[in-house]
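**Student:** Here is my input; please provide its structure:
(one chain, ligands or ions: 3)
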Amino acid sequence: MADVLPFGFDPSILDNVPAQFICTEVDKPCVDAEEIHIPTIDLHGFFAGDPNETFAVARVVAEACEKYGIFQVVNHGVEAKILEQAHLCMDRYFQMRLSDKQKAKRKVGESFGYASSFTGRFASNLPWKESLSIRYVSSPTSSDAWVEDYFHCMGEDFQHFGLVYNEYSKVMCDLSLSIMEILGLGLGLERRILREFFEANDSILRLNYYPRCPQPDLALGTGAHCDPTSLTILHQDGISGLQVFVDNKWRSISPNPNALVINIGDTLMALCNGRWKSCLHRAVVNSERVRKSIAFFLCPEMDKMVIPPKGLVDKDHPRKYPDFTWAMLLEFTQKYYRSDAKTLDEFCAWLLQNQTTDPHESPKSNE
Ligand SMILES: C=C1C[C@]23C[C@H]1CC[C@H]2[C@]1(C)CCC[C@@](C)(C(=O)O)[C@H]1[C@@H]3C(=O)O
Ligand SMILES: O=C(O)CCC(=O)C(=O)O
Ligand SMILES: [Fe+2]
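**Tutor:** Residues are numbered from 1 along each chain as shown. Ligands and ions are numbered 1, 2, ... in the order given. I've put the predicted structure just below:
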């Protein structure tokens with residue numbers, strides 16, 4: 001039986017949540033949080049090349065980033081078929097035998113592959129989820145079948161997944177670069193500046209599968225965190241669960257299957273010199289339905305130095321964060337620190353400390 005139980009047990013037949021999944025008091029999920037209507041931006045005019053629409057969209061997006069660090073887009077150009085196929089493949093993958101899911105190897109200290117509740121990585125506050133994280137590299141020299149190649153080594157059953165998630169990653173990468181143009185305009189920069197920074201990228205596609213939970217007020221699907229990445233494009237299935245922390249309250253973002261939720265991550269917060277804040281969010285679970293979400297995390301090339309564009313630093317806006325590469329921050333989150341609400345500050349403190357002490361000394365962990 002052990003071969004078919006993702007958490008080492010069948011989460012859907014338990015009456016009680018095992019202790020290692022129970023949240024700390026401060027993190028307790030309020031599963032019936034009041035809804036928030038985050039700004040919904042129609043990208044039709046932007047994609048049609050209408051200059052007035054483009055500047056209007058940039059202004060509304062900038063306001064959303066200042067106020068919430070999150071918004072959603074409709075008429076985003078991603079075909080419904082691609083979203084449907086991605087969710088259908090998720091159902092097939094996560095219902096496979098554990099030994100088949102584990103063919104997507106997750107190496108210690110790496111953020112790619114299959115994980116079930118991160119047992120072995122964390123000791124407590126375990127997330128009530130299984131996940132599959134896939135690397136997606138986009139550059140002039142990278143293969144445009146990167147994700148297909150990743151699944152290729154797993155055997156015949158996985159070839160279709162490779163095609164579906166390769167196409168999904170490509171369209172999400174293209175959309176995130178278009179959104180970078182809008183964000184650049186919103187920051188008062190030239191339209192191309194942020195797009196060029198991310199044109200070549202080393203991104204992550206993350207499939208989140210949240211089984212039904214017997215006590216959804218005790219466990220979290222994904223704990224409170226700011227994405228350490230740059231920009232996240234999230235597609236929720238029709239089940240509520242995504243919550244954002246706004247005005248000192250957790251608020252629920254109802255899923256809109258025609259919309260894609262966009263949030264700012266820590267790396268983009270540093271790149272824009274703190275002008276916009278990384279969005280604090282989490283995912284709650286429920287006892288009735290499995291919930292799924294697909295997150296595309298846009299990340300710069302590993303060794304590209306994250307330095308704000310000139311227009312964002314002046315005597316009134318001095319540098320807020322030190323120079324760093326995404327590779328350094330990713331390693332920090334994979335080996336030393338579990339991403340939470342203050343990852344970037346803890347990372348900067350660690351960088352500073354390591355510049356004055358032994359660079360091989362591991363930082364304090366929050367685990
Ligand atoms: C670079 C990443 C680390 C995580 C996946 C991506 C972006 C979001 C991060 C994460 C989801 C934030 C909450 C904690 C985490 C451990 C998780 O619950 O999955 C984070 C991911 C990770 O470190 O694997
Ligand atoms: O599942 C969700 O709605 C959010 C997941 C998330 O925040 C993440 O994977 O970083
Ligand atoms: Fe997230």
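**Student:** Does residue 303 touch residue 324 like I think?
**Tutor:** No - at 10.7 Å, residue 303 does not count as touching residue 324 under the criterion of C-beta atoms under 8 Å. All C-beta spots, glycine's among them, are computed from the backbone N, C-alpha and C.
**Student:** Please say which of the two ends up with more neighbours.
**Tutor:** residue 324 (18 against 10; other C-beta atoms under 10 Å).
**Student:** Quick check: bridge partners of that one?
**Tutor:** residue 306 (DSSP bridges).
**Student:** who's in contact with it?
**Tutor:** Under the criterion of C-beta atoms under 8 Å, 6 or more residues apart in numbering, the contact partners of residue 324 comprise 270, 305, 306, 347, 348, 351.
**Student:** next one: residue 227
**Tutor:** With contacts defined as C-beta under 8 Å, 6+ apart, residue 227 is in contact with 263, 265, 266, 278, 279, 295, 297, 339.
**Student:** Kindly report the same for residue 138.
**Tutor:** Counting by C-beta under 8 Å, 6+ apart, the residues that residue 138 touches are 146, 170, 173, 199, 200, 201, 203.
**Student:** Does anything pack onto whichever strand or helix holds residue 63? Which helices or strands?
**Tutor:** When elements are assigned from DSSP states H and E, residue 63 belongs to helix 51-67. Here helix 51-67 touches strand 40-42, helix 44-47, strand 70-74, helix 159-186, going by 3 or more C-beta pairs under 8 Å, 6 or more residues apart in numbering; DSSP states H and E.
**Student:** Recalculate using a threshold of 10 Å.
**Tutor:** Using 3 or more C-beta pairs under 10 Å, 6 or more residues apart in numbering; DSSP states H and E as the contact criterion, the neighbours of helix 51-67 among helices and strands are strand 40-42, helix 44-47, strand 70-74, helix 159-186, strand 260-264.
**Student:** For these, state which one has the densest average packing.
**Tutor:** Taking mean count of other C-beta atoms under 10 Å as the contact definition, the stretch among the helices and strands packed on helix 51-67 with the greatest mean neighbour count is strand 260-264, which reaches a mean of 26.
**Student:** I'd like to know which elements that one is packed against.
**Tutor:** Secondary elements touching strand 260-264 (3+ C-beta pairs under 10 Å, 6+ apart): helix 51-67, strand 70-74, helix 159-186, strand 231-236, strand 242-246, strand 291-298.
**Student:** for the ones you listed, which one sits closest to residue 259?
**Tutor:** Of all the helices and strands packed on strand 260-264, strand 70-74 sits nearest to residue 259, with 4.2 Å by C-beta to C-beta.
**Student:** Next one: that closest one, is it in contact with ligand 2?
**Tutor:** No - Strand 70-74 does not reach ligand 2 (C-beta under 6 Å from any ligand atom); its nearest approach is 10.5 Å.
**Student:** mind listing what's buried in the helix or strand following that strand?
**Tutor:** Toward the C-terminus, strand 70-74 is succeeded by helix 80-94 as the next helix or strand (DSSP H and E). Buried residues in helix 80-94, counting neighbours by 16 or more other C-beta atoms under 10 Å, are found at 83, 85, 86, 87, 89, 90, 93, 94.
**Student:** so the first one makes contact with residue 171?
**Tutor:** This points to residue 83. Yes - assessed by C-beta atoms under 10 Å, residue 83 is found in contact with residue 171 at 9.5 Å.
**Student:** which element is residue 283 on?
**Tutor:** Residue 283 belongs to strand 281-284, assigned by DSSP H and E.
**Student:** Give me the sheet partners of that strand and which way each runs.
**Tutor:** Each strand that strand 281-284 pairs with, and the sense of that pairing, follows from DSSP bridges: strand 220-225 (antiparallel), strand 242-246 (antiparallel).
**Student:** avg pLDDT for that strand?
**Tutor:** Predicted confidence along strand 281-284 averages 98 (mean pLDDT).
**Student:** can you check stretch 194-209 too?
**Tutor:** Averaging pLDDT along stretch 194-209 yields 98.
**Student:** Around ligand 1, pick out the residues from this protein.
**Tutor:** By C-beta under 6 Å from any ligand atom, the residues of the chain that approach ligand 1 are 111, 127, 204, 206, 222-223, 225, 227-229, 297, 330, 333, 338-339.
**Student:** quick one: which of those residues sit in helices?
**Tutor:** Judged by DSSP state H, the residues of the chain next to ligand 1 include residue 330 as members of helices.
**Student:** Of the residues of the chain next to ligand 1, which is the most crowded?
**Tutor:** residue 227 (29 neighbours).
**Student:** how close does that one get to residue 32?
**Tutor:** 25 Å (C-beta to C-beta, to the nearest Å).
**Student:** cool, residue 250 as well?
**Tutor:** Distance from residue 250 to residue 32, by C-beta to C-beta: 10 Å.
**Student:** Now do the shared contacts for the two.
**Tutor:** Between them, residue 250 and residue 32 have residue 284 as joint contacts when contacts are counted by C-beta atoms under 10 Å, 6 or more residues apart in numbering.
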